[in-house]
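# what would the 3D arrangement of this be:
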Amino acid sequence: MPDKLLAEFPETTFEQWREQVEKDLKGADFQKRLVTRTVEGLTVQPLYTARDVTGADSSLAAHRRGAAPAGRYGAEWDLRSEHSVWDIDRARDEITAELSRGASSLWLRFDTSVRTGSKPAEKPDGLAFTGLTDLEALLSGVDLARIPVVLDAGGSGPAVAAAYLALAAKRGIATEQLRGGFGCDPLGAAAQDGRLAYDLETAKALALELIGLAERRAPKVRSLVVNTTPYHDAGATGAQEIAIALGTALTYLRWAIEAGLPVGRASAQLEFRVGIAGDLFAELAKLRALRLGYAKLIAALGGDDAAQTTQLHAVTARRTKTLRDPWVNMLRTTTEAFSAMAGGADSLTTRGFDEVLGPSDSFARRIARNVQIILNEEAHVTHVADPAGGSYYVEAMTDGLARDGWKQFQQLEAAGGIAASLQAGKLQAQIADLAAKRESAIGKRAQAITGVSEFANIAEEALVRPTPTPSSAKPGGPSAPDAAAVAAAKPGTRLEAAIGAFGQGVQLQQVVAALAAGTKAFAVEALPVRRHAARFEALRARAEAHAAQSGKVPSAFLANLGPIPKHKARAAFTSGFMNAGGIAVLDNDGFKTAEEVAKAFAESGTKLAVICGSDDQYPEWVLNLAPLLAKAGAVEIFVAGRPPADQEAAWKSAGVTGFIFMGADVAAVLASLLDRLGVAP
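This next block holds a predicted model:
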């Protein structure tokens, strides 16, 4: 029966489809009308067929699917909860709650002061840690032999790993039972924090010591992580992230191989941590492409198929989240989580919808956790092997990203490698350039942000989270033992000495200082978190501060022309445009004469008027209305819509000061308007 039905539809070739499309376009440019070019550099065609994946590298095809070719069921999926609140007691309670409600592993993200070995800042951004006592209190309710723990302590990673091993010894836990990761990533830490406490040679030596410790004492723990989230949140594209991941991985692999470690054992020490943004297909294709790239890299180093397997930890992005209307972040997180799951990530961290506001509360953490649980247990996303596999669109995007990422990786290596690029500031500049292009697209609302640049609710009640303070930290007093044993230890045994020092009460800063003795800090330009919504949110903040100080919300009077059908579309467009910058609109049902408009404007008490109507109304209305509005006190007179080329000069002579329309730089126009309305930056 199905064959009979299909027989009724003649087979159509791509050429026949293209010919029909060209005919329907009636002379319009196919490339401009139907082909999409993203800010990230991707070209999206309107139709994909088998011809688009011809020539793909089939020798590594299995690595598209991830480490579990048959899919992931139940406990095999790793729901990794992030913990980064400064207060140790609160963090411990959060850990207990997460583990009892679905989390299968822990990601401990320590404060910048811990990561760099510096003094705590006024606004901490991670877990407190001064010594073994803090770590013991933090993990007091965790069965370390059962729960995988991943450490994230930046440049202090090797020292914190030593403290973790000291904790296991103190509890009498066989370190062979430990699982998770020590999280050593000196290059990623430098990119995120701007510095390491010691030079890169020392970082290399400590990383090799840590690999040795892991192999001898904790064979189920991965010692190194390639963390691309700092680059991702700074604005890197998918291809850039792949290049950076491969460049960082190759650096660490070279360190290990040069020290005598076979490539298979070196590869087994690596985990990748990757940020996931909002483009569903591009992000899942990025994960698949990264696995392909890494498999190709390991193959080039002589590694076998087992060594080519990638361990991927996906993390929902910071750059996509908003302060305004943060509830929409739940939807963004869900999309990102689905991308990670369908893309074959081995573990996933979904962050709270309120993370931009401060440490997430219990409700936000619950929602973040349940996103994964529902996708896994009810939507069964992880019960399918390679859900995106076989889609010509996804396969073509995977291959394109893999090729582009590999090309950029080669360029990175040719320029001296990732460490040299970071030191020279080249990589940071490249990311900043692409981030600026994305910001331009966001400013023009070509890339809309719901609740911020589109459908902004300027009357929304702000969601507030308390700012954490470093008051709960317990720095070591003058009676604390010193780290002389660590400083005196021979190269290759310093972390062993650090384990003993932590057990005796030596503090983290002392251990880091001892490890860094006689070296110079490795410093680079730190990568910022460039949130997509920041530019519009700054405008909203300006408007609100002005309203709080003056008692008046910046507003725009809508000079609606004629009956509702004539002005409704542009009045609605203007409302959304102005609200995105915190400017309220004074709406109405329209006016019959220019004199009525001017009278109503004079009574409105605002300085900004926007003429809203249809194209056929403007020639008659604008030249008469603009002078009347100016006489009524309008400082700014805008017209909603593009001006006809032959009338623009005349309209401006009549008093029109600007125009708003699709494709305009909304953020720039709003910033200029706030300036001219006397709203202080």
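
# now do stretch 134-143: everything it contacts.
88-89, 91-92, 95-96, 99, 106, 108, 127-129, 149, 160, 163-164, 167, 170, 474 (Cβ atoms under 8 Å, 6 or more residues apart in numbering). All C-beta spots, glycine's among them, are computed from the backbone N, C-alpha and C.

# and the gap between the most far-flung residue of the chain relative to its centre and residue 567?
Largest separation from the mean C-alpha position in the chain: residue 595, at 51.7 Å (Cα atoms, centre = their mean). With distances taken as Cβ to Cβ, to the nearest Å, residue 595 is found 17 Å from residue 567.

# ditto for residue 628
Relative to residue 567, and taking Cβ to Cβ, residue 628 is found at 17 Å.

# which one of the two has more residues nearby?
residue 567 (26 against 22; other Cβ atoms under 10 Å).

# mind listing what that one touches?
558, 560, 561, 590, 612, 613, 614.

# ramachandran angles for the fourth one?
In this case it means residue 590. Dihedral angles phi and psi of residue 590 (degrees, to the nearest 10) take the values phi 110, psi 160.

# number of nearby residues for the nearest residue in space to it that is not next to it in sequence?
Of all residues beyond its chain neighbours, the one nearest residue 590 is residue 560 (4.2 Å), with distances taken as Cβ to Cβ, 6 or more residues apart in numbering. Residues within reach of residue 560, counting by other Cβ under 10 Å, total 25.

# can you start the count at 354 instead of 1 from here on
Sure, I'll start numbering at 354, so the last one becomes residue 913.

# hang on, residue 913 is in a helix, isn't it?
No - with DSSP: H, G, I helix; E, B strand; the rest coil as the criterion, residue 913 is strand rather than part of a helix.

# right, and it touches residue 945 too?
No - taking contacts as Cβ atoms under 8 Å, residue 913 lies outside contact range of residue 945: 10.8 Å.

# can you count the residues close to residue 864?
So residue 864, with other Cβ under 10 Å, has 29 neighbours.

# and it, how far is that from residue 464?
In terms of Cβ to Cβ, residue 864 sits 16 Å off from residue 464.

# which residues are in contact with the longest helix along the chain?
Assignment by DSSP state H gives helix 745-767 as the longest helix of the chain. With contacts defined as Cβ under 8 Å, 6+ apart, helix 745-767 is touched by 394-396, 398, 401-403, 405-406, 409-410, 417, 591-597, 599-600, 603, 634-635, 637-639, 641-643, 645-646, 649, 741-742, 771, 774, 780.

# try stretch 853-860
Here stretch 853-860 has contacts from 483-486, 515-516, 519, 522-523, 828-829, 833-836, 838-839, 863-864, using Cβ under 8 Å, 6+ apart.

# select only the buried ones of those in PyMOL?
Buried members of the contacts of stretch 853-860, defined by 16 or more other Cβ atoms under 10 Å, are picked up in PyMOL with:
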select buried, resi 483+484+485+486+515+516+519+522+829+833+836+838+839+863+864
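
# from the contacts of stretch 853-860, which land in helices?
Per DSSP H, those map to helices at 485, 486, 515, 516, 519, 522, 523, 838, 839, 863, 864.

# relative to residue 902, which of those is nearest.
residue 486 (47.0 Å; Cβ to Cβ).

# tell me the pLDDT at the closest one?
Predicted confidence (pLDDT) at residue 486: the value is 94.

# any figure for the gap between residue 465 and residue 515?
Distance from residue 465 to residue 515, by Cβ to Cβ: 20 Å.

# same question for residue 775.
According to Cβ to Cβ, residue 775 and residue 515 sit 26 Å apart.

# with residue 888 instead?
In terms of Cβ to Cβ, residue 888 sits 43 Å off from residue 515.

# repeat that for residue 980.
Residue 980 is 77 Å from residue 515, by Cβ to Cβ.

# which parts of the stretch 454-603 of the chain are helices?
465-469, 485-491, 510-524, 539-546, 553-570, 582-587, 591-611 (DSSP state H, counting those that start in this stretch).

# ok, which of those comes nearest residue 1005?
Nearest of the helices of the stretch 454-603 of the chain (Cβ to Cβ): helix 582-587, 40.7 Å.

# what's in contact with the closest one?
541, 544-545, 593-594, 597, 626-628, 630, 668, 670-672, 780-781, 784-785, 788, 880-883.

# from the chain's centroid, how far away is that helix?
6 Å (Cα atoms, centre = their mean, to the nearest Å).

# list the buried residues for that helix?
582, 583, 584, 585, 586, 587.

# same question, stretch 921-939
923-924, 926-939.

# which pair in those spans the largest distance?
Maximum distance among those (Cβ to Cβ): 20.5 Å, for 923 and 935.

# so, low pLDDT: which residues of the stretch 804-953 of the chain?
824-833 (pLDDT under 70).

# now do the stretch 404-553 of the chain
For the stretch 404-553 of the chain (pLDDT under 70), the answer is 408-414, 419-424, 426-428.

# buried set for stretch 740-753?
Buried-residue list, stretch 740-753, by 16+ other Cβ under 10 Å: 740, 741, 742, 744, 746, 747, 748, 749, 750, 751, 752, 753.

# I meant to write stretch 939-952 there.
939, 940, 941, 943, 944, 947, 950, 951.

# using the three-state scheme, assign the residue nearest to residue 443 when sequence neighbours are not counted.
Distances taken as Cβ to Cβ, 6+ apart place residue 712 nearest to residue 443, at 7.8 Å, with adjacent residues excluded. Using three-state DSSP, the structure places residue 712 in coil.

# return the residues in contact with residue 712.
437, 438, 439, 443, 818, 819, 821.

# does the third one sit in a helix or strand, and which one?
The one in question is residue 439. Under DSSP states H and E, no helix or strand contains residue 439.

# from what I can see it touches residue 479, true?
Yes - counting by Cβ under 8 Å, residue 479 is a contact partner of residue 439 at 7.1 Å.

# what about stretch 655-668, how long is it end to end?
With Cα to Cα, to the nearest Å as the measure, the ends of stretch 655-668 fall 30 Å from one another.

# report the buried residues of that stretch.
656, 660, 661, 662, 663, 664, 665, 666, 667, 668.

# cool, and stretch 381-400?
391, 392, 393, 395, 397.
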